[in-house]
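**Q** give me coordinates for this.
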Amino acid sequence: MADRQPKTHALDRLAALDASARPPEQGAFRQPPRPSESDPAGPQNRLSAGTELFSSVVVPGMTALRRRAWFAVPMMLVGFFLPIGLAYWVYSQRADIVAVALDQQFLAFAMLTGVLAVVVRFMAIFEIASSRPNERGLGPKVVLATFVVALIAVPVSYGVYQAGDARAVVGSVFNGSSDAPAIYTPPAGGDSSATSQGVTNVLLLGGDAGPGRWGLRTDTIILVSIDQASGRTSLISIPRNLTRLRFPPGTSLHDEFPDGFNDLANAVFPHVSTSESLMAAYARDGLQPEAVALTEAVGYSLDVEIDDYALVNMQGFLDVIDAIGGVTLELDSAIPMPGSIPGAKRELPSSLGPGSVDMDGTLAIAYVRSRSADSDYQRMGRQRQLLAALGSQVSAADALSGFSQVTGALDNSMRTSLAGSEFTDLLDRLGDNTAIVESVGLAPPLVNPGSPDYDAIRQIVAAVQRAIVSGEPSGY
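**A** Numbering: from 1, shown residues only. Next up, the predicted model:
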């Protein structure tokens, strides 16, 4: 018996090994494999690597919900739902798309959204790769997914760059805010206080700076008044050769010219720009001192509150008109063209019109600057005509299709105390032909610019202001 015991033990061990090598009998219990720590659902329910990578390029983080919900949910929100929400909001604001495009906060938010949308997709790819450390054939799929996201990043990066460039331009061009105080307010109790209630006044200034020209003379001076309740708008053209412009008492220019300016109205700007003391005296909240001085002078001389100004370098405005695709004007008669204008991009014809004329920037600026056609006073009317046409013909699609060119041209041609939203509202008013109910030029025979009666001028301005409030014509 003692000799058989070792043989029995050896047979028992052999039987045990044989049993472990055979598949379990039907119905026998089989312990499932342990899920990996990186994927609680286990490999049986895991999507293929290609499917996960494709899904994460479209909706970053979606396939990581089972593994790392705390990580996946923020990625889905930032990388997918935030861009979709932003796109929907922009679409809902399409009627005011230019105002949206000129909003610095929106541009900054759009830039951040674009950057995050790309970054989280790279993070999603890395998360998938790290959850499958030993999977064969994963490398080429990760490389392909990374390449696809890199391709997406190219247009997004360009858009972010354009938005950043536009944001810098908006910051330099539109210096004001909608709640800023008026640049000039008449003394309390004056005649204008009753007529200008609820009326917004903006002074449009067109300068002639350019090659071969000294300084910047404001040959275009137009007071735009808008009744906020009704939307009725008036345009009052102030002659560039208006003399004895008055300055508010207590200001530096009043001390220098107590009896009125000793030059033409268009010379105020260069007079201030060539004096360091005047530049310092009229510096205010980042606004252009020369424009502030001229705005105060016009406001005091006309006895009207002026909320804001918009200064346009007419040569630079040529590029703005080209960037938006030009403008069409209806001319009643042939208008002789000047021999040349600064910044002209082509030769000028001898005349324009009559009839409907499609104008690029060169023709449009030549049209409003022509002095051989008639007189300075008719030229003021052509300036008002161009402003109204631009406001009515420039669509959001035009502005956005050449957005980078428009913003670049604006940076070289315009400075204003208006906020971006106020500027687009002004364009809307100028473009609404039914809104402009009064258009008056302070020119002969109504006004003698060489010897102006400022009391009479103030009565004209007050009558025009009353007209847009009441809806009754001023008679001028």
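
**Q** gap between whichever strand or helix holds residue 85 and the chain center?
**A** According to DSSP states H and E, residue 85 maps onto helix 82-92. Distance of helix 82-92 from the chain centroid (C-alpha atoms, centre = their mean, to the nearest Å) equals 17 Å.

**Q** check which helices and strands that helix sits against.
**A** helix 104-131 (3 or more C-beta pairs under 8 Å, 6 or more residues apart in numbering; DSSP states H and E). C-beta here means a position set from N, CA and C on the backbone, and glycine is covered the same way.

**Q** tell me which strands and helices the helix it packs on is in contact with?
**A** So helix 104-131, by 3+ C-beta pairs under 8 Å, 6+ apart, packs with helix 49-58, helix 69-76, helix 82-92, helix 138-173.

**Q** ok, back up a step: buried stuff in the helix holding residue 85?
**A** 82-83, 86 (16 or more other C-beta atoms under 10 Å).

**Q** ok so, going back, can I get the helices and strands packed on helix 104-131 in a markdown table with distance to residue 270 and mean pLDDT?
**A** Below are the helices and strands packed on helix 104-131 laid out as a markdown table (distance: least, C-beta to C-beta, whole Å; pLDDT from 0 to 100):
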| stretch | distance to residue 270 | mean pLDDT |
| --- | --- | --- |
| helix 49-58 | 59 | 89 |
| helix 69-76 | 57 | 91 |
| helix 82-92 | 43 | 91 |
| helix 138-173 | 22 | 88 |
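
**Q** of the ones you listed, flag the one that's most buried.
**A** Comparing the helices and strands packed on helix 104-131 by mean neighbour count (mean count of other C-beta atoms under 10 Å), helix 49-58 comes out on top with a mean of 18.

**Q** may I have it as PDB, with CA atoms only?
**A** Provided in PDB are the C-alpha atoms of helix 49-58 (Å, rounded to 0.1, in the frame of the first residue of the first chain):
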ATOM      1  CA  ALA A  49     -10.900  53.100 -31.900                       C
ATOM      2  CA  GLY A  50     -11.800  54.600 -35.300                       C
ATOM      3  CA  THR A  51     -15.400  55.200 -34.200                       C
ATOM      4  CA  GLU A  52     -14.300  56.900 -31.000                       C
ATOM      5  CA  LEU A  53     -11.800  59.100 -32.700                       C
ATOM      6  CA  PHE A  54     -14.300  60.100 -35.400                       C
ATOM      7  CA  SER A  55     -17.000  60.900 -32.900                       C
ATOM      8  CA  SER A  56     -14.600  63.000 -30.800                       C
ATOM      9  CA  VAL A  57     -13.700  65.100 -33.800                       C
ATOM     10  CA  VAL A  58     -17.400  65.900 -34.300                       C
END
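
**Q** what is the nearest of the buried residues of helix 82-92 to residue 413?
**A** residue 86 (30.3 Å; C-beta to C-beta).

**Q** hmm, the closest one is touching residue 113, no?
**A** Yes. Using C-beta atoms under 8 Å as the test, residue 86 is close enough to residue 113 to be in contact (5.4 Å).

**Q** circling back to that earlier point, any chance of TSV for the buried residues of helix 82-92, columns distance to residue 475?
**A** Shown next, in TSV, are the buried residues of helix 82-92 (distance: C-beta to C-beta, whole Å):
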residue	distance to residue 475
82	57
83	56
86	51
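
**Q** what is the nearest of those residues to residue 430?
**A** residue 86 (30.1 Å).

**Q** go ahead and flag the most central residue of this protein.
**A** residue 102 (1.9 Å; C-alpha atoms, centre = their mean).

**Q** okay, now the nearest residue to it once chain neighbours are set aside: neighbour count?
**A** In space, and not counting its chain neighbours, residue 102 is closest to residue 420: 3.1 Å by C-beta to C-beta, 6 or more residues apart in numbering. Here the number of neighbours of residue 420 (other C-beta atoms under 10 Å) works out to 23.

**Q** show me the contacts for residue 420.
**A** 99, 102-104, 170, 174 (C-beta atoms under 8 Å, 6 or more residues apart in numbering).

**Q** could you point out which element follows the helix or strand harbouring residue 318?
**A** Assigned by DSSP H and E, residue 318 falls within helix 314-323. Proceeding N to C from helix 314-323, the next assigned helix or strand is strand 327-331, under DSSP H and E.

**Q** which neighbouring elements make contact with that next one?
**A** If you count contacts as 3+ C-beta pairs under 8 Å, 6+ apart, strand 327-331 packs onto strand 355-359, helix 361-369, helix 376-393.

**Q** other residues contacting that strand?
**A** Here strand 327-331 makes contact (C-beta under 8 Å, 6+ apart) with 321, 352-359, 364, 367, 385-386, 389-390, 393-394.

**Q** repeat that with 7 Å
**A** For strand 327-331, the external contacting residues (C-beta atoms under 7 Å, 6 or more residues apart in numbering) are 321, 352-359, 364, 385, 389-390, 393.

**Q** highest neighbour count among those residues?
**A** Neighbour max across those (other C-beta under 10 Å) = residue 364, 27 neighbours.

**Q** what's the separation between the nearest residue to that residue once chain neighbours are set aside and residue 441?
**A** Excluding its sequence neighbours, the residue lying closest to residue 364 (C-beta to C-beta, 6+ apart) is residue 321, at 5.1 Å. Counting by C-beta to C-beta, to the nearest Å, the separation of residue 321 from residue 441 is 23 Å.

**Q** cool, and residue 268?
**A** From residue 268 to residue 441 the distance is 19 Å (C-beta to C-beta).

**Q** looking at the two, which is more packed in?
**A** It is residue 268, of residue 268 and residue 441, that has more neighbours when counted by other C-beta under 10 Å, with 27 against 22.

**Q** the more buried one and residue 257, how far apart?
**A** For residue 268, the distance to residue 257 - C-beta to C-beta - is 10 Å.

**Q** with residue 71 instead?
**A** Applying C-beta to C-beta to residue 71 and residue 257 gives a distance of 70 Å.

**Q** do the same with residue 344
**A** Distance of residue 344 to residue 257, computed by C-beta to C-beta: 36 Å.

**Q** one more: residue 281?
**A** Taken as C-beta to C-beta, the span from residue 281 to residue 257 is 14 Å.
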